[in-house]
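Q: coordinates only, sequence not included:
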């Protein structure tokens with residue numbers, strides 16, 4: 001599903017105009033991104049939790065040159081589905 005598909009579904013189910021539904025969906029996604037940038041969890045009851053995690057530096061091997069390289073520490077985004085959501089998918 002693409003963002004445009006989601007906007008169309010929201011517009012149909014809420015009887016909003018396509019433009020207003022797009023604004024709602026885009027605002028929702030932007031707010032989730034803003035919270036994650038501030039290292040805050042985003043908990044959506046019944047759906048799941050988005051959070052960031054810092055990955056420590058680690059050694060690796062360049063696949064072509066076979067030289068050892070060091071990966072810098074960085075943040076990654078994680079998602080854990082809610083128990084109810086996981087059960088519905090099964």
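A: All right, it came through fine. Model, not experiment: these values are computed from the prediction.
Q: ok so residue 23 is a helix residue?
A: Yes - checked against DSSP: H, G, I helix; E, B strand; the rest coil, residue 23 lies within a helix.
Q: What is the neighbour count of residue 50?
A: Residue 50: 18 surrounding residues under other Cβ atoms under 10 Å. The way it works is simple: take the backbone N, C-alpha and C, and place the C-beta from them, glycine included.
Q: So it belongs to a strand, correct?
A: Yes - remark: residue 50 belongs to a strand, assigned using three-state DSSP.
Q: Find the residue closest to it in space, skipping its chain neighbours.
A: Leaving aside its chain neighbours, residue 50 sits nearest to residue 42 (4.3 Å; criterion: Cβ to Cβ, 6 or more residues apart in numbering).
Q: residue contacts, that neighbour?
A: Going by Cβ atoms under 8 Å, 6 or more residues apart in numbering, residue 42 touches 32, 35-36, 49-51.
Q: same deal with residue 35?
A: Contacts of residue 35 by Cβ under 8 Å, 6+ apart are 41-42, 50.
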